[in-house]
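*Asks:* below: sequence and its predicted model.
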Amino acid sequence: EMVAGVNEKFGPCHVKIMRVSDMTRAKQTANIIASFLPNVERADPDDLLNEGRPAHTIPGGKVSPSTIEAVDKQHPKIEAAFQKYFYRAPMPEEESKDEDKDDTTTVKHEFEIIVGHANVIRYFLCRALQLPPEAWLRLCIFNCSLTYLTIRPTGTVSCRMLGDVGHLPYGMTTFSMHHGYNW
């Protein structure tokens, strides 16, 4: 029910592919989104996108040895996912303007959907914006929220949305074990 409103958010966008973590909840969510986007290619689930602790946090305070171990083990996998999925598109080739050419059929933007987990998405955002990845835990995004990054062929990156929940009624917004916005 929570992701049902996502369909209107994508509107007339040209979604090229949907990628998903190999964890159960993400695959369930991807199945629901796919029911609204039946013509979008679906990649096989990718365990590089699985939940994990992507980086140490600074400032951090006292950290348990098990947390340090978890980050040291999970960071390379999550960084590999970032390297795999976040890249510049090729520069568009200059085409001569043909007066008879129908410009409305040319796809100018392609979108890729990644259905994943808050920790990983927050880490991807920091890396894409060239912010210290150790800042990932300072960001909060709701469950079933939308984050929208634009990566231009020039290499510049913009965050258009972070953790948007406009498609959800207030009572369905959750973060961790908290409901709504007032926690």
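*Replies:* All right, it came through fine. Bear in mind the structure is a predicted one, so any value in this text is a computation, not a measurement.
*Asks:* when you work out contacts or count neighbours from here on, use the C-alpha atoms and nothing else.
*Replies:* OK.
*Asks:* quick check, pLDDT for residue 103.
*Replies:* Residue 103 is assigned 51 on the pLDDT scale.
*Asks:* also the one 5 residues further on?
*Replies:* Here, the pLDDT recorded for residue 108 equals 66.
*Asks:* same deal with residue 181?
*Replies:* 82.
*Asks:* got the contact list for it?
*Replies:* 170, 173, 174 (Cα atoms under 8 Å, 6 or more residues apart in numbering).
*Asks:* quick one: which of these sit in strands?
*Replies:* residue 174 (DSSP state E).
*Asks:* emit the PyMOL select command for whichever of the contacts of residue 181 are buried.
*Replies:* Buried residues within the contacts of residue 181, by 16 or more other Cα atoms under 10 Å, are selected in PyMOL with:
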select buried, resi 173+174
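*Asks:* which of the contacts of residue 181 sits closest to residue 70?
*Replies:* Distances from residue 70 to the contacts of residue 181, taken as Cα to Cα, are shortest for residue 174 (25.1 Å).
*Asks:* okay, and the beta partners of that closest one?
*Replies:* For residue 174, the beta-bridge partners are residue 179 (DSSP bridges).
*Asks:* distance of it relative to residue 131?
*Replies:* To residue 131, residue 174 is 26 Å away according to Cα to Cα, to the nearest Å.
*Asks:* would you confirm that residue 159 contacts residue 151?
*Replies:* No - counting by Cα atoms under 8 Å, residue 159 does not reach residue 151; the two are 9.0 Å apart.
*Asks:* okay, these two: which has more neighbours?
*Replies:* Neighbours were counted for residue 159 and for residue 151 using other Cα atoms under 10 Å; residue 151 has more, 17 against 13.
*Asks:* ok, the more buried one - contacts?
*Replies:* 86, 87, 88, 89, 157, 158.
*Asks:* may I have the phi/psi pair for the third one?
*Replies:* Okay, so that is residue 88. phi -80, psi 140 (degrees, to the nearest 10).
*Asks:* report the contact partners of the residue nearest to it when sequence neighbours are not counted.
*Replies:* With sequence-adjacent residues excluded and distances taken as Cα to Cα, 6 or more residues apart in numbering, residue 88 is closest to residue 153, at 4.9 Å. By Cα under 8 Å, 6+ apart, residue 153 lies in contact with 88, 89, 90, 91, 92.
*Asks:* show me what the longest helix seen in the chain is packed up against.
*Replies:* Ranked by residue count under DSSP state H, the longest helix found in the chain is helix 65-85. Counting contacts by 3 or more Cα pairs under 8 Å, 6 or more residues apart in numbering; DSSP states H and E, helix 65-85 packs against helix 118-128.
*Asks:* what's in contact with the helix it packs on?
*Replies:* Contacts of helix 118-128 (Cα under 8 Å, 6+ apart): 49-55, 78, 82, 86, 132-133, 135-137, 139-143, 149, 157, 159.
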